[in-house]
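*Asks:* build the 3D model from these lines:
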Amino acid sequence: MKSTPATIKAKVYVFAEPKTKYQLENLEPGELAYKYVVKSYDFGNEDSVRLSEHEIEVAVPGGIDITSACIQNLKERIDAIEKDAKKDIADLEQRIRDLVLIEYRPDPEETDPVAHIVA
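*Replies:* Numbers count the residues shown, from 1 in each chain. The predicted structure follows:
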């Protein structure tokens, strides 16, 4: 299925959000301690301040093969999941190898039933 040219209307919200601690420590002279963020919903974090809202119109381009794009996105997600799973498996296998290397050697006095009698 290919997209058809269209114009959609939406409302966006502009927020001022504080920069991270690291960003604040590295501010240039005159640089603001917050950043502007545009969101499609009227909800910011507890430290943000909504500055304005705007009605916008956005042109949707035609001729994009939506099905192929969706399939490509799903394949990329599969690849990412496989990559994460392989890393997790490798980490678990390393933990197993580490555990196998641990050799328990009990104190001879604790395991020798005659040791306490002879003494």
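*Asks:* wait, K2 sits on I64?
*Replies:* Yes. Counting by Cβ atoms under 8 Å, I64 is a contact partner of K2 at 6.3 Å. Quick note: C-beta positions are derived from backbone N, CA and C, even for glycine.
*Asks:* ok, those two, which is more surrounded?
*Replies:* Shown here are K2 and I64; by other Cβ atoms under 10 Å, I64 has more neighbours (13 against 10).
*Asks:* the more buried one - nearest residue in space that isn't next to it in sequence?
*Replies:* Sequence neighbours aside, S3 is the residue nearest to I64 in space, at 4.3 Å (criterion: Cβ to Cβ, 6 or more residues apart in numbering).
*Asks:* and the one you found, how many residues sit next to it?
*Replies:* Look at S3: counted by other Cβ under 10 Å, it has 13 neighbours.
*Asks:* show me the strands in this protein, by range?
*Replies:* Per DSSP state E, the chain carries strands over the ranges 6-18, 34-39, 49-60.
*Asks:* keeping just the C-alphas, turn the last one into PDB.
*Replies:* Okay, so that is strand 49-60. Listed next in PDB are the C-alpha coordinates belonging to strand 49-60 (Å, rounded to 0.1, in the frame of the first residue of the first chain):
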ATOM      1  CA  VAL A  49       7.100  24.600  31.700                       C
ATOM      2  CA  ARG A  50       4.600  24.700  28.800                       C
ATOM      3  CA  LEU A  51       5.400  27.900  26.800                       C
ATOM      4  CA  SER A  52       2.900  27.800  24.000                       C
ATOM      5  CA  GLU A  53       0.700  25.600  21.800                       C
ATOM      6  CA  HIS A  54       0.300  25.800  18.000                       C
ATOM      7  CA  GLU A  55      -2.000  24.400  15.400                       C
ATOM      8  CA  ILE A  56       0.000  23.100  12.500                       C
ATOM      9  CA  GLU A  57      -0.600  21.500   9.100                       C
ATOM     10  CA  VAL A  58       1.800  18.900   7.800                       C
ATOM     11  CA  ALA A  59       2.000  17.600   4.300                       C
ATOM     12  CA  VAL A  60       2.200  13.800   4.000                       C
END
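*Asks:* quick check: domain ranges of the protein?
*Replies:* The chain is divided into the following domains under automatic domain parsing: 6-60, 65-119.
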